[in-house]
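Undergrad: Okay, here's the prediction I keep looking at, along with the sequence it came from:
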Amino acid sequence: MQKRCRIIYNPTSGREALKNDLVEILNILERAGYETSAFATTPEPNSAQNEAKRAAQAGFNLIIAAGGDGTINEVVNGIAPLKHRPKLGIIPAGTTNDYARALKIPRESPIEAAKVIANGKTVKMDIGRANDKYFVNIAAGGLLSELTYAVPSEFKTLFGYLAYLVKGAELLPRVKPINMHLEYDDGVYDGKASMFFLALTNSVGGFEQIVPDASLDDGKFTLIVVKTSNLLEMMRLITMVLNGGKHINDANILYVKTSKLVAKPVDEKMMINIDGEYGGDAPMKFKNLKRHIEIFANTQAIPKRAITEVKEDEGMDEAKKNFVDGVQELDESDNIKLDK
Ligand SMILES: Nc1ncnc2c1ncn2[C@@H]1O[C@H](COP(=O)(O)OP(=O)(O)OP(=O)(O)O)[C@@H](O)[C@H]1O
C-alpha cells in the first residue's frame, strides 16, 4: 500500500520562503513514494498539534513539520502520546532552527531539507516529557531562561539570532541567581544558580558546543547548571563554550547525564522554558523518553558518537520499484489492447 505523508506548515514562519517551494517539495516526496498533502497552520492555539494528532490517527505514515522550532514542538506534542506514532520529517523555516541544526538538516533551503527526507535515513530520537508536555530540544529554568520569551517574534523574524544577543546583553546585568532544588539520577543540587538546562541535543540557542558530547538516542538528558550570574564569569563561560566546549569542567558549572529530573523552586518563582517557549512554573518533573520518535536526519553529517543506530525508511526502495513496475504494467496492457 502506498505510504501517505502530511506536511504541516506554518505559513508565517521565519522569512515565509516555504510557500514558494511547496510544489517542488510535494514532487520530491511523491518521487520518494509518499502520496502527500499539505495543511497550513492557523493562528488558533495548538493548530499544528491538533492536525498532527488527527493525521496520525487517520493513518498517515509520515508527518512533516515545516516551520520554526515552535511548529516542531507542537507536532511532536500531537503524536508523542499516541501508541502508533508516524515518522517525523523536518523542514526548517524559523529563525534559530535549533533542532534542524542538531539533525544537520539544511536550514537555508526547504528543498534541500525535503531531499534529506527522500534520502530515507532515520534516527529514533529521545524526547523529553515535562509534567504533561513534550519537548525535543531543551527545557530550562531560572532567570536567564526568561531571555527567550523577552524577544518579540516580529523582532526575531527581522533580525534573527541577533535579537537574542541584543536582548541578552540588555538583560544580563539584571540576572541574579535563585535557590534551586534539583534531583537527578545520581545526586541532588541544592543551591543558587542563574539557570539550569536540560538538553536532548548539542544545539542550544544557536550554539552547537554547549553539549559537546551529546548523544541523541541514549535515553539521557544532559543537565547543565550555571551556578554563577556574575557578568564577567558569564562572558568567560561563553568564551569557553565557543572554544570547543571547555566549560563542562568549570567550577561554575554542574554538567551531568540523567534520565530524569525533579526541579523545585526554594523561595522564589521559577519559570520553565520548554523548546524556547514559556512552559509553566516549577515544581516540574522531567523524564527522558528513550528513542520515542523516528525522525529523518542527515545522518552522514552527524558525529558517529551521537547516534547508536541509523535506520532505513523501509519500503523506500520498494516504492520506487513499484512505481517502475506500475509503468511497465501499463505499457504491457496498452500493447495487449493494441494487439487486439
Ligand atoms: N497562519 C498563522 N498565522 C499567524 N500565526 C500562526 C499561524 N500559524 C501558526 N502560527 C503561530 O506561529 C507560532 C509558531 O511559529 P514557529 O515556531 O513555526 O516559527 P517562528 O516563530 O518563525 O520560528 P522560531 O520559533 O524559530 O523563531 C505559534 O505561536 C503559532 O500559533
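TA: Noted; the coordinates are in hand.

Undergrad: Just list the residues touching the nearest residue to Ser259 once chain neighbours are set aside, thanks.
TA: The spatially closest residue to Ser259, leaving aside those adjacent along the chain, is Asn288, at 4.8 Å (C-beta to C-beta, 6 or more residues apart in numbering). C-betas here are computed from N, CA, C, even on glycine. Applying C-beta atoms under 8 Å, 6 or more residues apart in numbering, we find Asn288 in contact with 126-128, 200, 219-221, 258-260.

Undergrad: Report the rounded mean pLDDT for the helix or strand hosting Asn288.
TA: Here Asn288, judged by DSSP states H and E, is contained in strand 284-296. Strand 284-296 shows a mean pLDDT of 98.

Undergrad: What are the buried residues along it?
TA: Neighbour-count burial for strand 284-296, with 16 or more other C-beta atoms under 10 Å as criterion, is recorded at 284, 286, 288-289, 291-296.

Undergrad: one step back: narrow the contacts of Asn288 to those in strands?
TA: 126-128, 221, 258, 260 (DSSP state E).

Undergrad: need the residues of this structure near the ligand, please.
TA: 10-14, 41-43, 47, 67-71, 94-97, 153, 156-157, 276 (C-beta under 6 Å from any ligand atom).

Undergrad: If any of those are buried, put those into a ChimeraX selection.
TA: In ChimeraX, this line selects whichever of the residues of the chain next to the ligand come out buried by 16+ other C-beta under 10 Å:
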select :10,12,13,14,41,47,67,68,69,70,71,94,95,96,97,156,157,276
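
Undergrad: Now do stretch 104-117: distance from first to last residue.
TA: Between the opening and closing residues of stretch 104-117 there is a gap of 12 Å (C-alpha to C-alpha, to the nearest Å).

Undergrad: quick check: mean pLDDT across that stretch?
TA: For stretch 104-117, mean pLDDT rounds to 95.

Undergrad: Give the rounded mean pLDDT of whichever strand or helix holds Tyr255.
TA: Here Tyr255, judged by DSSP H and E, is contained in strand 253-258. Summarised as a single mean, pLDDT over strand 253-258 is 96.

Undergrad: that older thread, from the contacts of Asn288, keep the buried residues only.
TA: The neighbour-count criterion (16+ other C-beta under 10 Å) marks 126-128, 200, 220-221, 258-260 among those as buried.

Undergrad: Report the two of those separated the most.
TA: Using C-beta to C-beta, the two most remote members of the buried ones among the contacts of Asn288 are Ile127 and Thr258, lying 15.1 Å apart.

Undergrad: tell me the contacts of the residue lying closest to Asp267 once chain neighbours are set aside?
TA: With C-beta to C-beta, 6+ apart as the criterion, Asp267 has its nearest non-adjacent residue at 5.7 Å, and that residue is Asn179. Remark: with contacts taken as C-beta under 8 Å, 6+ apart, Asn179 is in contact with 190-192, 265-268.

Undergrad: now Asn179: how far from Gly14?
TA: Remark: distance between Asn179 and Gly14 (C-beta to C-beta, to the nearest Å) = 38 Å.

Undergrad: try Thr228
TA: For Thr228, the distance to Gly14 under the criterion C-beta to C-beta works out to 34 Å.

Undergrad: go on, Leu88?
TA: Summarising the geometry, the distance separating Leu88 from Gly14, computed by C-beta to C-beta, is 19 Å.

Undergrad: go on, Val76?
TA: Val76 sits 19 Å away from Gly14, going by C-beta to C-beta.

Undergrad: quick one: which helix or strand includes the spatially closest residue to Lys246 that is not a sequence neighbour?
TA: The shortest distance from Lys246 to any residue that is not its chain neighbour, by C-beta to C-beta, 6+ apart, is 4.3 Å, and that residue is Met240. Assigned by DSSP H and E, Met240 belongs to helix 231-242.

Undergrad: Alright, calling it a day.
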